[in-house]
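Student: build me a model:
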Amino acid sequence: MVYPDIDSLRCFVAAARQLNFRAAARAVALTPAALGQRIRQLEDQLGARLFHRTTRSIVLTEAGLALIPVAQDCIDRALDCVRAARGEIGPTPMEITIGTRHELGLSWVVPQLDGIQRSHPTLTIHLYFGSGADLLLRVRTLEVDCAITSSRLNDPKLDSSRLHPETYVLVGSRALLRKTPLDKPAQAKDHTLLDVSADLPLFRYWRDAPGGGDRLRFSRLNRVGTIAAMRELVLQGKGIAVLPEYLVKPDLKAKKMQLVFPEVEPLSDWFRLIYRTDDPRRSLYESLAATMLKTPLR
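Tutor: Just a heads-up that it's a prediction; the model follows:
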């Protein structure tokens, strides 16, 4: 499909208003012959006659009458493009959906929405709560515009901006550890390990750390699906788990939990704002990440 150019539309609108090619030509600073050529070119592109022309007058056809408001709107929008590029009309209102884990969303994302709104007044933010793999998939398929996750990124279609480092700790409830100690690796047989799934995505941070390894042999593994559920079960004394330090810091301070094998420092990761590499709003996401980085994890 061939699109009509703006100059031809300007000539048409001038001619439609004046119903006189000479007067219209003066209005757009062309010769009558050049204006007539523009009109004929436009008619050829559209496949429709726009004027009935005689030696004494010109009259708009039905197609010409229908084109007037649309052509004027195109000209106005083209002018808006120029003004927008020059920064004369301000930021454009925009809506995005941010994906996040449930516990991180409630503790860190939701509390700073007002601050984000002040920094980005024309931005409307919607939230989606999901797990790591689900969030990455939804960003990839454009169901979610961007997502906050510490999941490892190996998809060439996705890019990211770093947020906060995510550190981990191996913890259990104080009540459980008083009743059933875990001071020596051999005592792991008396305990249940809690994790999100069977491939131990969180316990790996402890197992793969210097001093960690496979020396802890737990009696059973309980897969509970989410980090929030893991924290709750640890508080109930139902097992031992590797959890994000920011999430359990209040529990450690209140002595509801305690560290297990504190001499081992689990590996750390990064929270990242993930988005598609081909998303034209990259600068917005980078600005959003810079704003979010000002708020400490909690």
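Student: in this structure residue 282 contacts residue 159, no?
Tutor: Yes - the pair residue 282 / residue 159 is scored as a contact, 7.5 Å apart, by Cβ atoms under 8 Å. Every residue, glycine included, has its C-beta placed from N, CA and C.
Student: overlap of the contact sets of the two?
Tutor: residue 275 (Cβ atoms under 8 Å, 6 or more residues apart in numbering).
Student: ok, residue 261 - how many residues close by?
Tutor: Here the number of neighbours of residue 261 (other Cβ atoms under 10 Å) works out to 20.
Student: next, it: secondary structure please.
Tutor: Counting by DSSP: H, G, I helix; E, B strand; the rest coil, the backbone at residue 261 sits in coil.
Student: list the contacts of residue 278.
Tutor: When contacts are counted by Cβ under 8 Å, 6+ apart, residue 278 touches residue 157.
Student: and what about it, helix, strand or coil?
Tutor: Going by three-state DSSP, the secondary structure assigned to residue 278 is coil.
Student: look at it and report its pLDDT.
Tutor: As predicted, residue 278 sits at a pLDDT of 93.
Student: separation between it and residue 159?
Tutor: When Cβ to Cβ, to the nearest Å is the yardstick, residue 278 and residue 159 sit 9 Å from each other.
Student: residues in contact with residue 160?
Tutor: Listed by Cβ under 8 Å, 6+ apart, the contact set of residue 160 reads 153, 272, 273, 274, 275.
Student: can you name the next helix or strand after the longest helix along the chain?
Tutor: Using DSSP state H, we find that the single longest helix of the chain is helix 62-85. Heading C-terminal from helix 62-85, the first helix or strand you meet, by DSSP states H and E, is strand 94-100.
Student: who does that next one touch, helix- and strand-wise?
Tutor: Under the contact criterion of 3 or more Cβ pairs under 8 Å, 6 or more residues apart in numbering; DSSP states H and E, strand 94-100 touches strand 123-129, helix 132-140, strand 146-149.
Student: show me where the stretch 101-250 of the chain has its helices.
Tutor: Taking DSSP state H, counting those that start in this stretch as the test, the helices found in the stretch 101-250 of the chain are 102-104, 113-119, 132-140, 174-179, 203-207, 227-235, 245-253.
Student: would you map out the domains in this protein?
Tutor: Per automatic domain parsing, the domain ranges recorded for the chain read 6-85, 94-165+270-292, 168-267.
Student: quick revisit: just give me the lowest mean pLDDT stretch among the helices and strands packed on strand 94-100.
Tutor: helix 132-140 (a mean of 91).
Student: strand 123-129 and that one, what's the angle between them?
Tutor: Calculated by axes from the mean of the first three to the mean of the last three Cα atoms, to 10 degrees, helix 132-140 forms an angle of 140 degrees with strand 123-129.
Student: ok and helix 132-140 relative to helix 227-235, angle-wise?
Tutor: In terms of direction (the same axes, to 10 degrees), helix 132-140 departs from helix 227-235 by 170 degrees.
Student: in helix 132-140, which residues are buried?
Tutor: 132, 134, 135, 136, 137, 138, 139 (16 or more other Cβ atoms under 10 Å).
Student: who's in contact with the last one?
Tutor: Residue 139 sits next to 99, 145, 146, 147, 158, 274, 275, 276 when contact means Cβ under 8 Å, 6+ apart.
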